[in-house]
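[1] sequence unknown, structure follows:
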């Protein structure tokens, strides 16, 4: 019995000029920083004029499946091998995109991403580990990132920032007491 695990090669978040905002590579296909930067420039150059604003688009670039979506001044990309299932790669992108949108209360732009960079990196950690897809449900990802428990009454999307910080402090204090 041959079991296939879907793998993600990288998750890339670029600004409207093609500059790095957040990236995470899970493959040695691009050894060194210069190879990674060249790949990022290549996908940005080939995709930045497309209309991937309302829905994600899928393309085969440089032998990789690249799924991408743009919002405001940001370009979201997820790359898989050419033999990966495009729908699975697209689901990873949508989960990342939606989780970030939830955590930033739909104010997704470069300024807010940089101000909440820790949350973006935690989202990436919750979604993919070593290229293996762990979770794609945006609500689950956002809840884990916000350190929410199942017993809390107020959903994450309805909390104010001060409530979210208070919840995080409470969970942290509980973890210290255990």
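    That came through, no problem. Keep in mind the model is a prediction, meaning the values are calculated, not measured. Numbering: from 1, shown residues only.

[2] just checking, what packs against the one helix or strand residue 35 maps to?
    Assigned by DSSP states H and E, residue 35 belongs to helix 32-47. Under the contact criterion of 3 or more Cβ pairs under 8 Å, 6 or more residues apart in numbering; DSSP states H and E, helix 32-47 touches strand 10-15, strand 20-25, strand 57-61, strand 64-71, strand 74-81. C-beta here means a position set from N, CA and C on the backbone, and glycine is covered the same way.

[3] Which positions within the fourth one qualify as buried?
    If I follow you right, that is strand 64-71. 64, 65, 66, 67, 68, 69, 70, 71 (16 or more other Cβ atoms under 10 Å).

[4] Show me which of those is closest to residue 127.
    residue 67 (13.3 Å; Cβ to Cβ).

[5] quick one on the thing from earlier: just the angle for the helix holding residue 35 relative to strand 57-61, thanks.
    120 degrees (axes from the mean of the first three to the mean of the last three Cα atoms, to 10 degrees).

[6] Pull out the buried positions in helix 32-47.
    36, 39, 40, 43, 44, 47.

[7] Pull up the gap between the first one and residue 125, please.
    Distance of residue 36 to residue 125, computed by Cβ to Cβ, to the nearest Å: 19 Å.

[8] Can you classify residue 17 by secondary structure?
    What DSSP: H, G, I helix; E, B strand; the rest coil gives for residue 17 is coil.

[9] Would you mind measuring from it to residue 110?
    From residue 17 over to residue 110 (counting by Cβ to Cβ), the distance is 10 Å.

[10] follow-up on the earlier one: what's the closest of the buried residues of strand 64-71 to residue 5?
    residue 65 (15.6 Å).

[11] Once you drop chain neighbours, what's closest to the closest one?
    Distances taken as Cβ to Cβ, 6 or more residues apart in numbering place residue 80 nearest to residue 65, at 4.6 Å, with adjacent residues excluded.

[12] Now do the one you found: how many residues are near it, please.
    As a burial measure, residue 80 scores 25 neighbours (other Cβ atoms under 10 Å).

[13] was I right about it contacting residue 10?
    No. Contact status for residue 80 versus residue 10: not in contact, 9.1 Å apart, counting by Cβ atoms under 8 Å.

[14] Just say helix, strand or coil for the residue nearest to residue 38 when sequence neighbours are not counted.
    Counting by Cβ to Cβ, 6+ apart, residue 30 is the residue found nearest to residue 38 once chain neighbours are left out, at 7.9 Å. Under three-state DSSP, the three-state class of residue 30 is coil.

[15] Many thanks, we can stop here.
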